[in-house]
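1. give me a 3D structure for the following:
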Amino acid sequence: MSTRSDKRPRTSRIRTAAAAAAAAILAAAVAAAAFILSGANEKFTGAAFFNVGQGDAAVFVYDGGAVLFDAGPNESEDRLLSYLSALGIKRLDCVVLSHPHEDHIGGADAVLRELEVGAVIMPDTEGDPRSTEELTDALADEGCPVYEAVAGDEYSFGELTLTVLSPTRRYGEGNLDSAIVMLSYMDVKFLFTGDAEAESERDAVAALGGEFDCDVLKVGHHGSSTSTTDELLDAATPSIAVISCGVDNDYGHPHAEVMERLSARGVEIHRTDAEGTVYVMTDGKKVWVKK
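-> As a prediction, the model looks like this:
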């Protein structure tokens, strides 16, 4: 991994059951991933936005590596590991954790213990105590380096580059401090927004608006109206948007306002609660959703 950041790895700041149904979901997950890999002449390159319920977890797979974005909630960690295994992933170049809330980092400790992980990138902010402690312990046990997500930093892995676009400052609140990260692979771009909300989105667009243009958008905060502002969409202009949320979740995600903003711009919308894991394929020049 090469990086333009001069910061040293950081670890200390991070400290601040329905079994039958789960088995059925797990079997469907593995079958779906196996289907993607079944074509003898087809190699999966692109992003898999995993169905982890009310949470976020996605992996970008490319020739020679893979990068994980968030790790879903604790209750879905076995499902996440099965997804990664079905895709043949044994090593992750890095894991980007948008912010330390349980629905984004709950499965991260399991990932660190079961797979080889080159590095973790995440913002310096407070999080859920239990999940943060489990993550901290796993990082220490595995000796994995941690880099603070700071706007403007870049991390390169061959033809893949990660550019941190937010946070541009410390807000002192997990969602606002979410890392917004642009993944560039050849000529295509995927924008991952964590749970960033309107204030941090607008600050980042004002500071780095020219860097937001993308082909694929991971919609912020599970489709909450607190996120995916007009300002962000006008800067990003995605052709495909993916919303990661749970079926009949308690928050009413995705909210109608966000669906309307996306639809008004002609964006192709996909949802994990309605479709299961969403696979966005790429050849480095264009993107499309695997049907």
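2. after the helix or strand where residue 67 lies, next one along is what?
-> Using DSSP states H and E, residue 67 sits in strand 65-71. Later in the chain than strand 65-71, the nearest helix or strand by DSSP H and E is helix 77-86.
3. buried stuff in that following helix?
-> Within helix 77-86, the residues that count as buried by 16 or more other CB atoms under 10 Å are 77, 79, 80, 81, 82, 83, 84, 86. C-betas here are computed from N, CA, C, even on glycine.
4. now flag whichever of those residues is closest to residue 100.
-> Nearest to residue 100 among the buried residues of helix 77-86 is residue 77, at 15.4 Å by CB to CB.
5. wait, what's in contact with the residue lying closest to that closest one once chain neighbours are set aside?
-> The shortest distance from residue 77 to any non-neighbouring residue, by CB to CB, 6 or more residues apart in numbering, is to residue 107 (3.5 Å). Applying CB atoms under 8 Å, 6 or more residues apart in numbering to residue 107 gives the contacts 52, 57, 71, 72, 73, 74, 76, 77, 80, 81.
6. may I ask which two of those residues are separated the most?
-> For the contacts of residue 107, the maximum inter-member distance is 13.4 Å, found between 73 and 81 (CB to CB).
7. what lines up beside the strand holding residue 67 in the sheet?
-> Using DSSP bridges, strand 65-71 pairs in its sheet with strand 57-62 (antiparallel), strand 94-96 (parallel).
8. show me how far it is from its chain's centre.
-> Offset of strand 65-71 from its chain centre (CA atoms, centre = their mean, to the nearest Å): 7 Å.
9. and for stretch 149-156?
-> So, by CA atoms, centre = their mean, the centroid of stretch 149-156 is 15 Å from its chain's centroid.
10. I'd like the contacts of residue 107 as TSV, with distance to residue 135 and pLDDT appended.
-> Listed next are these as TSV, based on distance: CB to CB, whole Å; pLDDT from 0 to 100:
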residue	distance to residue 135	pLDDT
52	16	98
57	14	98
71	9	98
72	13	98
73	13	98
74	11	97
76	15	97
77	12	97
80	14	98
81	15	98
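11. nearest to residue 91, of those residues?
-> residue 81 (13.6 Å).
12. the closest one against residue 111, yeah?
-> Yes - assessed by CB atoms under 8 Å, residue 81 is found in contact with residue 111 at 7.1 Å.
13. including mean neighbour count and distance to residue 146, could the strands paired with strand 65-71 go into a markdown table?
-> Listed next are the strands paired with strand 65-71 as a markdown table, based on neighbours: other CB atoms under 10 Å; distance: least, CB to CB, whole Å:
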| stretch | mean neighbour count | distance to residue 146 |
| --- | --- | --- |
| strand 57-62 | 25 | 19 |
| strand 94-96 | 24 | 10 |
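14. closest one to residue 274 among these?
-> Nearest of these (CB to CB): strand 57-62, 16.4 Å.
15. so that closest one versus helix 77-86, what angle?
-> Here the directions of strand 57-62 and helix 77-86 differ by 10 degrees (axes from the mean of the first three to the mean of the last three CA atoms, to 10 degrees).
16. ok, which stretches of the stretch 1-150 of the chain are helices?
-> For the stretch 1-150 of the chain, helices defined by DSSP state H, counting those that start in this stretch occupy the ranges 19-36, 77-86, 102-105, 108-114, 129-142.
17. packing partners of the shortest one?
-> This means helix 102-105. The contact analysis (3 or more CB pairs under 8 Å, 6 or more residues apart in numbering; DSSP states H and E) places helix 102-105 against strand 65-71, helix 129-142.
18. go through these and pick out the most buried.
-> For the helices and strands packed on helix 102-105, ranked by mean neighbour count under the definition mean count of other CB atoms under 10 Å, the leader is strand 65-71 at a mean of 26.
19. return it as PDB; C-alpha atoms alone will do.
-> Output of strand 65-71 as PDB, limited to C-alpha atoms (Å, rounded to 0.1, in the frame of the first residue of the first chain):
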ATOM      1  CA  GLY A  65      -6.900  -7.700  -4.300                       C
ATOM      2  CA  ALA A  66     -10.000  -6.600  -2.400                       C
ATOM      3  CA  VAL A  67     -11.000  -3.700  -0.100                       C
ATOM      4  CA  LEU A  68     -13.800  -4.000   2.400                       C
ATOM      5  CA  PHE A  69     -16.000  -1.000   3.300                       C
ATOM      6  CA  ASP A  70     -17.600  -1.400   6.700                       C
ATOM      7  CA  ALA A  71     -18.400  -4.800   8.300                       C
END
